[in-house]
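*Asks:* From the sequence below, what's the structure:
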Amino acid sequence: MMTIDKLKEKYLSTVLALGFALMNCKFHLSSKIDMESFSDKAIDISSISFGFLLAVLALLLQSDTPSIQRIKQGGRFNELINFNKKAVVASALLAIIALLYLSFKVAIIHSSIYICGISIHEFIDCVILAVFTFQVIEVYLFLDLFYTIIK
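*Replies:* Got it, this is the predicted structure:
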């Protein structure tokens, strides 16, 4: 049986990211945000998260200090690595999507392509906001588990 904590760890980021994307599609929340500035900052945040998370991963996998040994023997090491992996992938994905958005912004804004009844511009806004939400929550869950383990 799954506990609430396990359900939170497994589904929270995905559910909130999809929920936020659907709310954005329905209520056009991204039209109230400067998506160019948001995307620019998202690249900064995701790049920093990417580097930080990879550095932590390298420390976790290569270090033999007593605290790292305690983490490895604590039984949740694989979960910790899995959270790190998802957060790293989300960080890289967010940086790539935001960079492509900024690179092709003029073409995207003036495009007449529609996906699921919304313009490609709104669709990409939804994707950027969803991936950003997913990435922030995954980094939080990774750090939460990391600090819980090292106590």
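
*Asks:* next one: the worst-scoring helix or strand of the chain on mean pLDDT to chain centre, how far?
*Replies:* Lowest on mean pLDDT, DSSP states H and E among the helices and strands of the chain sits helix 66-73, with a mean of 81. Centroid separation for helix 66-73 versus its chain: 27 Å, with Cα atoms, centre = their mean, to the nearest Å.

*Asks:* so what's His28 closest to, chain neighbours aside?
*Replies:* When the adjacent residues along the chain are set aside, His28 lies closest to Glu122, with 6.9 Å between them (Cβ to Cβ, 6 or more residues apart in numbering). C-beta coordinates here come from the backbone N, C-alpha and C atoms, glycine included.

*Asks:* Quick check: which element contains that neighbour?
*Replies:* Applying DSSP states H and E as the criterion places Glu122 in helix 120-150.

*Asks:* coming back round to it: right, and the residue nearest to His28 touches Ala21 too?
*Replies:* No. Look at Glu122 against Ala21 with Cβ atoms under 8 Å: they stay out of range, at 10.6 Å.

*Asks:* For the residue nearest the centre of the chain, give its distance to Ile48.
*Replies:* By Cα atoms, centre = their mean, the chain has its centre lying nearest to Gln135, at 1.2 Å. The spacing between Gln135 and Ile48, counted by Cβ to Cβ, to the nearest Å, is 11 Å.

*Asks:* now swap in Ser91 and tell me
*Replies:* When Ser91 is compared with Ile48 (using Cβ to Cβ), they lie 9 Å apart.

*Asks:* quick one, which of the two is more surrounded?
*Replies:* Neighbours per residue (other Cβ atoms under 10 Å) separate Ser91 from Ile48, with Ser91 holding more: 26 against 12.
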